[in-house]
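Visitor: model this:
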Amino acid sequence: MSALDHPYALPVSTDHGLFVAQYSDAGLAGLNFPFEKLESVSSAVPKTVAAWHKHTGAAVKAMLAGKEPKELPPLVPAGTDFQQGVWRELRRIPLGQTRSYGEIAAAVNRPRGAQAVGQACGANPIPLLIPCHRVLAGGGKLGGFSGGLDWKRRLLTIEGVTLC
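Guide: Presented below is the predicted three-dimensional model:
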């Protein structure tokens, strides 16, 4: 998804690079990792979007410092009902803890749906604030991550998770 897929795209500058937050008229709809190409950013935004962006910037910086964000903007990722359910469950995983794809599948009443959970994680448009990096494959293996495995390792290390 490019920065142009939503009406407002704004940079979030961090010590880890430049993230791009994407907003719809309802809230934060996407967050791109620094390695992704920035096509354009919005110059003039409504006051509500500016306020959401302030919360987004603080939340991103908190996560990158290994802290739980104090406040989030409205999160409005587009997805199927199943994806939305998975993403709600991901938000319940505490900072510094992990779950397996199978555990998330069971929590959303799809006990044989570990692969579908993995696909929902891969489709997550707000992967830092909807923490799919906290989901591991069986046996504590990394599995995949839309931001790349280097980012997944980095985020888990920041949160104090020791990998096998």
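Visitor: And the most centrally placed residue in the chain, what's its pLDDT?
Guide: Centroid check for the chain by C-alpha atoms, centre = their mean gives Pro127 as the closest residue, at 1.8 Å. In the prediction, the pLDDT value recorded for Pro127 is 93.
Visitor: Would you agree it falls within a helix?
Guide: No: counting by DSSP: H, G, I helix; E, B strand; the rest coil, Pro127 falls outside a helix, being coil.
Visitor: That one: what's it in contact with?
Guide: Listed by C-beta atoms under 8 Å, 6 or more residues apart in numbering, the contact partners of Pro127 are 31, 33, 121, 133, 145-147. All C-beta atoms are positioned from the backbone trio N, CA, C, and that covers glycine.
Visitor: Return the member of those residues nearest to Trp52.
Guide: Ranked by distance to Trp52 (C-beta to C-beta), the contacts of Pro127 are led by Leu31 at 11.8 Å.
Visitor: Would you mind giving the secondary structure of the closest one?
Guide: Using three-state DSSP as the criterion, the local structure at Leu31 reads strand.
Visitor: partner residues bridging it?
Guide: Using DSSP bridges, the bridge partners assigned to Leu31 are Ala21.
Visitor: Enumerate every residue touching it.
Guide: 12, 19-22, 56, 60, 125-129.
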